[in-house]
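Q: just need the structure, nothing else, for what follows:
(one chain, ligands or ions: 2)
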Amino acid sequence: MSSYATSPVLLETRGIHKVFGTGKKSVHAVKDVDFTLHRGEIISIVGESGSGKTTFAKILLGLIKETGGSILYEGAARDLSTQAKRRQYWQNIQAIFQDPYSTFNQFYRVEKILNDCLVLQGKKHLSVSEKREQMRAACTFVNLKFEELYNKYPFELSGGQMQRLMIARIFMIKPNVLIADEPTSMIDACSRSTILDMLLKLRTERDMTILFITHDLGLAYYVSDTIYIMEQGEMVERGPAEDVILNARHPYTRRLVQDVPKLREDWDLSSAI
Ligand SMILES: Nc1ncnc2c1ncn2[C@@H]1O[C@H](COP(=O)(O)OP(=O)(O)OP(=O)(O)O)[C@@H](O)[C@H]1O
Ligand SMILES: [Mg+2]
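A: Numbers count the residues shown, from 1 in each chain. Ligands and ions are numbered 1, 2, ... in the order given. Modelled structure (predicted):
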């Protein structure tokens with residue numbers, strides 16, 4: 001049982017399925033997934049390419065419609081039937097993805113991108129200087145200078161600046177749940193640790209609960225309280241991060257543990273595998 005078992009449940013799924021297409025060419029991307037995210041917890045979903053991680057994340061976000069199963073937010077069935085309800089849900093749950101280029105409308109300047117976060121929060125009424133103050137604070141949080149960037153388009157930013165702008169957006173929206181889907185897989189090791197530190201800072205300073213998605217078990221162990229292992233659409237193992245690594249039961253998890261030399265050294269897992 002996770003150490004977060006006693007804190008309130010924020011997001012929960014029961015029996016989530018997703019089948020893309022029909023007939024012979026259909027793909028069963030997510031199979032019967034039960035998932036529970038408690039307030040304050042960091043869960044990592046670990047699995048290889050094509051195991052269904054992004055599909056599951058997009059279902060949680062309401063960007064892909066599930067084929068079956070149910071999703072509860074703070075104990076109530078999620079309702080995305082109207083624009084107002086979707087907007088309210090997206091104040092509570094937000095995501096950053098691997099590819100920052102696909103996140104931003106390339107025709108919007110940085111100032112508009114950040115201003116839209118205030119609109120989502122219903123803060124349209126703020127004065128221009130109040131709005132700028134909040135945008136500046138968000139940029140400072142991610143070590144960007146608002147004055148240098150506000151007039152630029154996303155394509156005028158470096159990859160690292162765009163990653164940080166994505167995090168600045170999250171800082172402003174301040175969702176309860178942040179889904180980070182492989183946010184560091186396209187950047188160098190140095191920027192990677194900066195981004196990870198920023199995510200952990202969002203957790204402590206902005207009170208966020210994080211679902212981290214990665215193919216890297218070592219990274220998952222470093223950042224998370226709880227690990228879910230996903231294979232071919234199924235969650236084949238779950239538990240406190242240390243437990244999953246030390247007492248890997250499923251053969252697939254054992255293979256993943258084998259592939260992380262650092263973990264093997266730290267834990268002397270040779271006997272456990
Ligand atoms: N829109 C779609 N239409 C049809 N099939 C899809 C669609 N999106 C994903 N799939 C399929 O669903 C399966 C799971 O894909 P998904 O992107 O969720 O995997 P993933 O675990 O995120 O992989 P990666 O680590 O490479 O990002 C794959 O077989 C993929 O080809
Ligand atoms: Mg993916």
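Q: close to ligand 1: what parts of the stretch 151-273 of the chain are there?
A: Residues of the stretch 151-273 of the chain lying close to ligand 1 by CB under 6 Å from any ligand atom are His215. In short, each C-beta sits where N, CA and C put it, glycine included.
Q: strands of the stretch 151-273 of the chain, start to end?
A: Shown for the stretch 151-273 of the chain, the strands assigned by DSSP state E, counting those that start in this stretch span residues 177-181, 209-214, 226-231, 234-240.
Q: any chance of the ones you listed in a markdown table, with mean pLDDT and mean neighbour count too?
A: Shown next, in a markdown table, are the strands of the stretch 151-273 of the chain (pLDDT from 0 to 100; neighbours: other CB atoms under 10 Å):
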| stretch | mean pLDDT | mean neighbour count |
| --- | --- | --- |
| strand 177-181 | 95 | 23 |
| strand 209-214 | 95 | 24 |
| strand 226-231 | 97 | 24 |
| strand 234-240 | 96 | 19 |
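Q: of those, give the one that comes closest to Gly68.
A: strand 234-240 (14.5 Å; CB to CB).
Q: ok, the closest one: who's next to it in the sheet?
A: strand 226-231 (antiparallel) (DSSP bridges).
Q: show me how far the partner strand is from its chain's centre.
A: Between the centre of strand 226-231 and the centre of its chain there are 14 Å (CA atoms, centre = their mean, to the nearest Å).
Q: kindly report the same for stretch 182-198.
A: On CA atoms, centre = their mean, the centre of stretch 182-198 falls 13 Å from the chain's centre.
Q: ok, stretch 163-179 next?
A: 10 Å.
Q: got it, and stretch 22-35?
A: 21 Å.
Q: and for it, what's in contact with it?
A: For stretch 22-35, contacts defined as CB atoms under 8 Å, 6 or more residues apart in numbering pick out 11-21, 52, 55-56, 59, 66, 69, 228, 232-235.
Q: done for today, thanks.
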